[in-house]
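# The following comprises the amino acid sequence and a computationally predicted model.
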Amino acid sequence: MIAVIPAFRPDDGLLRGVHSLTPQVDSIIIVDDGSPERAAEVMGSAVAAVAEVIRSDANLGISAALNTGIRLALHR
């Protein structure tokens with residue numbers, strides 16, 4: 001199972017969510033929806049080992065972020 005998480009202006013809550021999902025899923029895709037602060041930078045290397053972070057250059061909204069993550073998940 002793959003979890004897709006849209007993120008805009010991520011904070012520590014996202015990091016906690018990723019860590020709680022890790023034992024329950026095969027992989028995690030985080031779609032950074034054009035945040036001014038990049039999700040990968042906020043979450044650091046601890047998350048890089050368990051989640052793939054995809055970055056959108058513009059904020060396209062939660063639906064577009066989810067669709068981006070789902071498309072990526074379906075092609076695995």
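Nice, I can see it.

# pretty sure Ala64 is in a helix, no?
Yes - remark: Ala64 belongs to a helix, assigned using DSSP: H, G, I helix; E, B strand; the rest coil.

# Contacts only, for it.
By CB atoms under 8 Å, 6 or more residues apart in numbering, Ala64 lies in contact with Asp33, Ser56. (C-beta placed from N, C-alpha, C; glycine too.)

# pLDDT below threshold where in the protein?
Scanning the chain for pLDDT under 70 picks out the ranges 38-40, 42-46.

# can you give me the helices for it?
12-21, 39-43, 45-48, 62-74 (DSSP state H).

# Pull the distance from the last one to the chain's centre.
Going back to what we said before, that points to helix 62-74. 10 Å (CA atoms, centre = their mean, to the nearest Å).

# swap in stretch 17-32?
8 Å.

# before we move on, what about stretch 50-59?
Distance of stretch 50-59 from its chain centroid, counting by CA atoms, centre = their mean, is 6 Å.

# so can I have JSON lines of the helices of the chain showing distance to Ser27?
Below are these laid out as JSON lines (distance: least, CB to CB, whole Å):
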{"stretch": "helix 12-21", "distance to Ser27": "10"}
{"stretch": "helix 39-43", "distance to Ser27": "15"}
{"stretch": "helix 45-48", "distance to Ser27": "12"}
{"stretch": "helix 62-74", "distance to Ser27": "8"}
